[in-house]
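Undergrad: got a predicted structure plus its sequence, pasted below:
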Protein chains: 2
Amino acid sequence: MKKATPRKPAHTVTTKDIADRTGLSKMTVSRVLNNHQYVSEETRRKVMAAVRELGFTPNTLAKRFFTGKTRLLGVVIPLEYMFSSYYFKELFQGVLECAEEHGYDMLLNDSTSKRMPPLEKCRGLVKGKLVEGLLLAAPMTYDDYPLVLTKEAVPLVVTGETACGEKVNRVGISNRECARDAVLRLAKLGHRRIGVLTFDEKHQESQERLAGYKEGLEAAGLPAAADLIVPAHYSRREAFAEAQRLLKAHPDVTAIFALNEGMAVGAADGLCSMGLNIPGDISLVSFDDSAEIENYDPPISAIRQFPHKIGHSACKMLIGILEGEARPRKPLSLMIDTQFMERSSMALASTKRGRR
Amino acid sequence: MKKATPRKPAHTVTTKDIADRTGLSKMTVSRVLNNHQYVSEETRRKVMAAVRELGFTPNTLAKRFFTGKTRLLGVVIPLEYMFSSYYFKELFQGVLECAEEHGYDMLLNDSTSKRMPPLEKCRGLVKGKLVEGLLLAAPMTYDDYPLVLTKEAVPLVVTGETACGEKVNRVGISNRECARDAVLRLAKLGHRRIGVLTFDEKHQESQERLAGYKEGLEAAGLPAAADLIVPAHYSRREAFAEAQRLLKAHPDVTAIFALNEGMAVGAADGLCSMGLNIPGDISLVSFDDSAEIENYDPPISAIRQFPHKIGHSACKMLIGILEGEARPRKPLSLMIDTQFMERSSMALASTKRGRR
DNA sequence: TTGTAGGCGTTATCAC
DNA sequence: GTGATAACGCCTACAA
C-alpha cells in the first residue's frame, strides 16, 4: 500500500469526492459536468448540489492532459521591437478575442529574449506538448526559425512579413501594394520627386514597402530615384535630421513618404523646424497610422492597418489548422485590407521650391 | 481488452518506448532524463542514444499534471488602456525574464475584454488548476477583483496602484512621494503657482499622484490651489487645450506638472503654439518618461520608472509566494525606485508673465 | 440511465 | 543501481 501521491497542498476536491457524497459513480458525475445526454434530472440536481457544497472545480489540466489537447497556443512577439503600441495592442486584442471564442489560452513568449533563442524555446513548447501551435508576431527578417519549425511540421501562423517566402502560413497586409498606391496618389497630385525614409534593408517589411515605392514610381512613369532613398532606421530622431538633409541636398523634392509612423513624425518635425510648410512646400505620407499622426498639425495622411483583424484572423487560421482534419498542403496566406487615410498633409505639388 | 485511448494522432514516443528499446524500465529512463543520482554511466548512454534515435521529448504536460505544479502563471493586463508602450514593453520583459529564469510560463489575459469579466476568468484559471498564480498588471481603480481573489486565497501580485488598499500583494512605485518631490523641485526654483494636469479621479494612480502634488505644495508652504487642478483624462489632445485654457485663466501660473507622459507632450505642444517659451515662460514636468519626452524640444524633465524591474520583482514575488512554505500573513508590498530626470524644461520661475 | 475497467505519461515510494 | 507498483484526475469504451 504505497502511495505515489506527490504533494497535496490540502485536499483537492475531485469527481471522486462528488461521487462518494452523492452515492453515484465518478462517471455519472463526469457526465453531469459535461452536459451529457441520458442523465436523470434527479441525478443532475444531486450532483450539482454536491458540487456547490464541496466547492468543486474540474481540473482543467487533467482534462486537457487526458484528451491530449492542451488548448494552449504559444504567441511569440519581438518585445524588444514592439515600437508601435497601437499595433500590438490591437493585435493582442484580436488574438485573445479569437482564442477566447474558441476556448484556447495563450502562452506569451519573447523572441528577442537574450536567455533562449526562439527556435529552441518554440520547439520545446511544441515538442513538449505544452502548446498545440504557435502564433509568431512580426518576426524579424533574419529570423528563419518559422521556416525551420514549419519543416518540422509544427503548426504555426506568422503575422506580418517574413523572410521565409511563401513557405509559412501567414496573415498580413500587402505592404508592397499599399506603398505603391501611396506613391501613385502623390504622383497624381503632381509630385515627381518623392523622397522615401526607409528603416532597414535587412528587414523584410522595409524591403516590401520600398519595392512598392519603386513600383509606384514606375507605374506613374517617374524615373527611379536611388538618391531619394534615405535610411533612417526606424528612428524618429534620425528621420528628423535625414529629412532636413534630403531637402537641402535635393531642393526639387516635393513629397516625402515615411515607411513607418515614427519616421513620419520625425520628418514632419524636421521639416517644420526648417521653416517648411506642410503641405504648402512639401507633402507627407506615413506608412502606419497612430494617434500622433492623426493629431499632428497638420494631420498626416497615412496607410492604416487593422491589427485587430490581423490578430483575430491569424489566430483563427491557426485554430483551423489544429482542428482541421488534415494539414493544408500549401502554406496558407491571408491578406487583410488596409485603408488610406487622406488628411491634410498632402496637396498639389508646389513648384516654388522645386525650380529655385 | 478495451482501451480508453482518446485519440492518438500518430504515435507519441514515450518513456515506455525508450524503456522497451533499451531493455530498461520506465523508471530508469525517467531517472536519466531528470539527472537523478545513482545511474550508471552505461545506462545513461544507452538511454540517451535511444532518446535520440526515437526522437523522444518528455511530455511537459503529463509531468506538470502529475506533480500538480503547472508552472504556469496568469498575467493579466488591461489591453484597452495599454497606452504607454515603453512601460508595458519593459514590464513584460521583466516578467518574462524572471519567469524563464525560474522555469515558468506565462498565460496572457486581458482584463478589459468584453467577453468575460476578469474576476470570473481569473477564478476559472486558478480554480481549474491551470495556473498557479496571477500577476495583475496595473488594474483600473474600480477593479476590486484582486481583493476578491486574494480573499479566496488565490496567490497573486499586483503591479501599480490598486483600489484594494494594502490588502493585496503589490509591487510598484511611490506615486505620492514622486509627485511630492517633483512639486518641491519646482517650488525650489521659485514657482508658486503650479498647475497640474490629472487624468481621472476614479483612477487610483491619478489620486495618488494628485495627493502627492498637494502634499508638495503644503510642504513648500504654498497654498492649496484647487483652481489649478485640471483634468485632461489621459488625453494628449485634451491636455493641449486644457494647458492653454489654464494659462489664459491664470496668467500667474509659471509651471505645469503633467501626471502622465502623454499629457505632458500635449501640454508642451499647446504652450508652444500659444507662443510661450519652455522653460523661459513656463516650466514643465512629466510624470513618466518616454522617448518623445526625452527628445522633445526642449527635453522635458520627467519622473522615470523602471518597469523592467517592477515586472521582474513582481514575478519573483509571486514565485516566492508559490514556492515558499507558508503564505505570508500580511500582504507584501515592494516599492521600486524611480529617478528624476532633470532636463531643460525646468528653470527659475519667470516673473514676466506672472505680474502681467 | 448508470456503473466498471482501464489508461493518458509521468514520477514517488519502496523493495530488491 | 534498478525495477515493480501505484497514483495524479479525468474520460472513452463497453457492459449492465
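TA: That came in fine, so what should we check first?

Undergrad: list, one by one, the residues from the stretch 201-350 of chain A near chain B.
TA: Applying Cβ under 8 Å from any Cβ of the partner chain, we find that the stretch 201-350 of chain A lies next to chain B at A:236-237, A:273, A:291-292, A:295, A:297. Using the backbone N, CA and C atoms, a C-beta is placed for each residue, glycine as well.

Undergrad: by neighbours, which of those wins?
TA: Highest neighbour count within those, by other Cβ atoms under 10 Å in any protein chain shown: residue A:236, with 22 neighbours.

Undergrad: among the residues of the stretch 201-350 of chain A next to chain B, which one lies nearest to residue B:225?
TA: residue A:295 (29.0 Å; Cβ to Cβ).

Undergrad: who are the contact partners of the closest one?
TA: B:236-237 (Cβ atoms under 8 Å, 6 or more residues apart in numbering or on different chains).

Undergrad: confidence score at it?
TA: Per-residue pLDDT puts residue A:295 at 86.

Undergrad: roughly how far apart are it and residue B:239?
TA: Here residue A:295 is placed at a distance of 11 Å from residue B:239 (Cβ to Cβ, to the nearest Å).

Undergrad: which positions in chain A make contact with DNA strand C?
TA: Counting by Cβ under 7 Å from any atom of the strand, the positions of chain A adjacent to DNA strand C are A:2-4, A:6, A:23-28, A:31, A:37-40, A:42-43, A:65-66, A:68.

Undergrad: of those residues, buried ones?
TA: Buried by 16 or more other Cβ atoms under 10 Å in any protein chain shown: A:24, A:28, A:31, A:39, A:65, A:68, out of these.

Undergrad: contact partners of the strand or helix carrying the fifth one?
TA: Taking DSSP states H and E as the criterion, residue A:65 maps to helix A:60-67. With contact meaning Cβ under 8 Å, 6+ apart, helix A:60-67 is reached by A:70-72, B:6-7, B:61-62, B:64-65, B:70, B:128-130.

Undergrad: next one: stretch A:314-329
TA: A:73, A:94-95, A:98-99, A:102, A:104, A:132-135, A:153, A:155-159, A:169, A:171, A:332, A:334.

Undergrad: residues contacting residue A:143?
TA: Taking Cβ under 8 Å, 6+ apart as the test, what residue A:143 contacts is A:111, A:118, A:162-163.

Undergrad: of these, which belong to helices?
TA: Among these, the members falling in helices (DSSP state H) are residue A:118.

Undergrad: just give me the closest of the buried ones among the residues of chain A next to DNA strand C to residue B:140.
TA: The closest of these, once distances to residue B:140 are taken by Cβ to Cβ, is residue A:65, at 35.2 Å.

Undergrad: which parts of chain A are helices?
TA: A:15-22, A:26-33, A:41-54, A:60-67, A:85-101, A:118-127, A:145-151, A:175-188, A:204-219, A:236-249, A:261-273, A:291-295, A:307-323, A:352-355.

Undergrad: and the ones you listed: which comes nearest residue B:50?
TA: helix A:118-127 (16.4 Å).

Undergrad: what angle do helix B:60-67 and the closest one make with each other?
TA: 60 degrees (axes from the mean of the first three to the mean of the last three Cα atoms, to 10 degrees).

Undergrad: give me the residues contacting helix A:118-127.
TA: A:74, A:76, A:107, A:109, A:111, A:113, A:131-134, A:139, A:143, A:145, A:148-149, A:152, A:154-156, B:57, B:105.

Undergrad: CA atoms of that helix as CSV?
TA: Provided in CSV are the C-alpha atoms of helix A:118-127 (Å, rounded to 0.1, in the frame of the first residue of the first chain):
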residue,chain,number,x,y,z
PRO,A,118,13.2,31.5,-30.1
LEU,A,119,13.7,28.4,-32.2
GLU,A,120,14.7,26.3,-29.2
LYS,A,121,12.1,27.8,-27.0
CYS,A,122,9.3,27.2,-29.5
ARG,A,123,10.5,23.7,-30.3
GLY,A,124,10.5,22.9,-26.6
LEU,A,125,7.0,24.2,-26.2
VAL,A,126,5.5,22.2,-29.0
LYS,A,127,7.5,19.0,-28.8
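
Undergrad: list the buried ones in it?
TA: So for helix A:118-127, counting by 16+ other Cβ under 10 Å, buried means A:118-119, A:121-123, A:125-127.

Undergrad: so how far is it from its chain's centroid?
TA: Centre-to-centre, helix A:118-127 and its host chain are 20 Å apart (Cα atoms, centre = their mean, to the nearest Å).

Undergrad: average model confidence for that helix?
TA: Per-residue scores along helix A:118-127 average to 93.

Undergrad: check stretch A:20-40 too.
TA: 89.

Undergrad: what sits against residue A:343?
TA: Per Cβ under 8 Å, 6+ apart, neighbours of residue A:343: A:294, A:298-302.

Undergrad: and residue A:276, by the same measure?
TA: Contacts of residue A:276 (Cβ under 8 Å, 6+ apart): A:247, A:282.

Undergrad: quick one: it and chain B, what's the gap?
TA: 16 Å (Cβ to the nearest Cβ, to the nearest Å).

Undergrad: quick check: chain neighbours aside, which residue is closest to residue A:318?
TA: residue A:157 (4.5 Å; Cβ to Cβ, 6 or more residues apart in numbering or on different chains).

Undergrad: make that residue A:188, sorry
TA: residue A:220 (7.8 Å).

Undergrad: distance check, the one you found against DNA strand D.
TA: 61 Å (Cβ to the nearest atom of the strand, to the nearest Å).

Undergrad: and what of residue A:139?
TA: Counting by Cβ to the nearest atom of the strand - residue A:139 and DNA strand D are separated by 36 Å.

Undergrad: ok, that residue - how many residues close by?
TA: 27.

Undergrad: which of the contacts of helix A:118-127 are buried?
TA: Using 16+ other Cβ under 10 Å as the burial test, those include A:74, A:76, A:107, A:109, A:111, A:113, A:131-134, A:139, A:143, A:145, A:149, A:154-156, B:105 as buried.

Undergrad: skipping its backbone neighbours, what lies nearest residue A:274 in space?
TA: residue A:244 (5.5 Å).

Undergrad: apologies, that question was intended for residue A:249.
TA: residue A:227 is the one closest to residue A:249 (Cβ to Cβ, 6+ apart), at 7.9 Å.

Undergrad: my read is that the one you found contacts residue A:250, right?
TA: Yes. Judged on Cβ atoms under 8 Å, residue A:227 makes contact with residue A:250 at a distance of 6.9 Å.

Undergrad: out of those two, which sits in the busier spot?
TA: residue A:250 (16 against 12).

Undergrad: and the more buried one, what is it in contact with?
TA: If you count contacts by Cβ under 8 Å, 6+ apart, then residue A:250 has A:193, A:195, A:227-228 around it.

Undergrad: where does it land on pLDDT?
TA: 96.

Undergrad: hang on, residue A:97 packs against residue B:112?
TA: No. With contacts counted by Cβ under 8 Å, residue A:97 stays clear of residue B:112, the gap being 11.2 Å.

Undergrad: and these two? which has more neighbours close in?
TA: Taking neighbours as other Cβ under 10 Å, residue A:97 and residue B:112 compare with residue A:97 leading, 19 against 16.
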